[in-house]
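Provide a 3D model corresponding to the input given below.
(one chain, ligands or ions: 2)
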Amino acid sequence: MEEDVIEKYKKAGEIAKKIISLAKEIIKDGAKTLDVAEKLENEIIKLGGKPAWPMNLSINSIAAHWTPKINDETIFKKGDVVKVDVGVHVDGWIADTAKTFEIGTNNWKDLIKASEEAVNAAIDIAKPGVTISEIGSIVEETIRRYGFVPIANLSGHGLENYKTHVPPTIPNFNNKSNQKLEEGMAIAIEPFATNGIGKVIDAKESEIFKIEVPKPVRLQSARKILNYVLEEHQELPFCRRWLAKKIGGFGIEMGLRELNRIGALHNYSVLKEESDGIVSQAEHTILLLDTPIVTTKL
Ligand code: MN
Ligand code: MN
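Ligands and ions are numbered 1, 2, ... in the order given. Next comes the predicted model:
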């Protein structure tokens, strides 16, 4: 890994850490999810990074991919278990980190601890040469020790320039794979723990999209979206809120529909625990150098 790439990964990680700290301060009973998301996304830019995806604020049995819609009125409530999943990039080099906060109560302290200890245990053994099943085993064992279940169909992943999910897949259970972590990889390890059955399903279409296959498109509203997204985010995820802010609300739905029709667009689903279990998540980004660097660790 080149030195300037490492520096950019580190800078993204520094910013992401600050965003997690700010999230802890501003996520409270009565706060609007929309205000929190915008404040955190704006802070990333103030600190010299760019959001690598819309702020994910997934509550209770929602595990991932929830971000407020335009004019969203959803508020955080006492007792909510909130997964804040932050993506920051510097010239496309990404920091991916997540933390779970429980608002005003302490009912899910152990559930939150289970995923945090799982990611820490995984980080302790993560280095070039370790197999992905060794990572998965330690994640699963740690979560089960707390009496909870890892979510098997959510996993960690590799990161590359402007790419959020590349091989290897890092499982949250022992998948028996002999695939090894390799020197020079950047990876995100992200255990999810639940009191449910340990599986997520697609709940509904989310506010989050990405350009899957850039294709020429004639419809003006679609072209406007495509040009803005490719220019500003390349193939990283974006959301309706950002489109409304950057190119105006008019024609967004028509444009998205057209991009979808020609197969250029991917709309992420909101992922919900199948049995409505409460979900916690913890995540860090690690550069697998000779001595691994956890770019997002507080
Ligand atoms: Mn993440
Ligand atoms: Mn991730």
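
When you work out contacts or count neighbours from here on, use the C-alpha atoms and nothing else.
Fine.

how far away is the spatially closest residue to Pro68 that is not a sequence neighbour from Ile189?
Sequence neighbours aside, Leu34 is the residue nearest to Pro68 in space, at 5.5 Å (criterion: Cα to Cα, 6 or more residues apart in numbering). Plainly put, Leu34 is 27 Å away from Ile189 if you go by Cα to Cα, to the nearest Å.

The two: which has the busier surroundings?
Higher neighbour count among Leu34 and Ile189: Ile189, with 30 against 20, using other Cα atoms under 10 Å.

What parts of this structure come near ligand 1?
Contact residues (Cα under 5 Å from the ion) of the chain with ligand 1: Asp85, Asp96.

hmm, try it at 6 Å
Asp85, Val86, Asp96, Thr97, Ala98 (Cα under 6 Å from the ion).

Name the nearest residue to the residue in the stretch 151-298 of the chain that ligand 1 sits nearest to, ignoring sequence neighbours.
When scored by Cα to the ion, the stretch 151-298 of the chain has Glu283 as its residue closest to ligand 1, at 6.3 Å. What sits nearest to Glu283 in space, not counting adjacent residues and going by Cα to Cα, 6+ apart, is Glu190, at 4.2 Å.

Per-residue pLDDT of the one you found, please?
On pLDDT, Glu190 comes in at 98.

isn't it right next to Ala282, touching?
Yes. Glu190 is within contact range of Ala282, at 5.6 Å (criterion: Cα atoms under 8 Å).

and those two? which has more neighbours close in?
The residue with more neighbours, out of Glu190 and Ala282, is Glu190; 28 against 25, by other Cα under 10 Å.

which residues sit in contact with the more buried one?
Ala98, Val119, Ser155, Gly156, Asn172, Gln281, Ala282, Glu283, His284 (Cα atoms under 8 Å, 6 or more residues apart in numbering).

Find the nearest non-adjacent residue to the third one, please.
Of all residues beyond its chain neighbours, the one nearest Ser155 is Pro171 (4.9 Å), with distances taken as Cα to Cα, 6+ apart.

What is the burial count for the one you found?
28.

Send over the helix or strand hosting Glu38 as PDB, restricted to the C-alpha atoms.
Using DSSP states H and E, Glu38 sits in helix 33-46. What follows is helix 33-46, C-alpha atoms only, in PDB (Å, rounded to 0.1, in the frame of the first residue of the first chain):
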ATOM      1  CA  THR A  33     -33.300  11.800  12.600                       C
ATOM      2  CA  LEU A  34     -33.200  14.200   9.700                       C
ATOM      3  CA  ASP A  35     -31.400  16.900  11.700                       C
ATOM      4  CA  VAL A  36     -28.900  14.300  13.000                       C
ATOM      5  CA  ALA A  37     -28.100  12.900   9.600                       C
ATOM      6  CA  GLU A  38     -27.600  16.300   8.000                       C
ATOM      7  CA  LYS A  39     -25.500  17.600  10.900                       C
ATOM      8  CA  LEU A  40     -23.200  14.500  10.800                       C
ATOM      9  CA  GLU A  41     -22.900  14.600   7.000                       C
ATOM     10  CA  ASN A  42     -22.100  18.300   7.000                       C
ATOM     11  CA  GLU A  43     -19.500  17.800   9.700                       C
ATOM     12  CA  ILE A  44     -17.700  15.200   7.500                       C
ATOM     13  CA  ILE A  45     -17.300  17.900   4.900                       C
ATOM     14  CA  LYS A  46     -16.300  20.600   7.400                       C
END
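
Direction included, what does the next helix-or-strand element following that helix pair against?
Under the assignment DSSP H and E, the closest C-terminal helix or strand after helix 33-46 is strand 50-51. According to DSSP bridges, strand 50-51 forms sheet pairs with strand 81-90 (antiparallel).

list the contacts for Pro216?
Arg223.

Mind doing that once more with 10 Å?
Ala222, Arg223, Leu226, Leu259, Ile262, Ala264 (Cα atoms under 10 Å, 6 or more residues apart in numbering).

Show me which of these are buried.
Ala222, Arg223, Leu226, Leu259, Ala264 (16 or more other Cα atoms under 10 Å).

Just to check, the last one is in contact with Val217?
Yes. Distance between Ala264 and Val217: 9.2 Å, which falls inside the contact criterion (Cα atoms under 10 Å).

any residues in contact with both of those two?
Leu226, Glu258.

Secondary structure class of the residue nearest to Ser137 when sequence neighbours are not counted, three-state.
Nearest residue to Ser137, sequence neighbours excluded (Cα to Cα, 6+ apart): Asn174, at 4.4 Å. Classification of Asn174 using DSSP: H, G, I helix; E, B strand; the rest coil returns coil.
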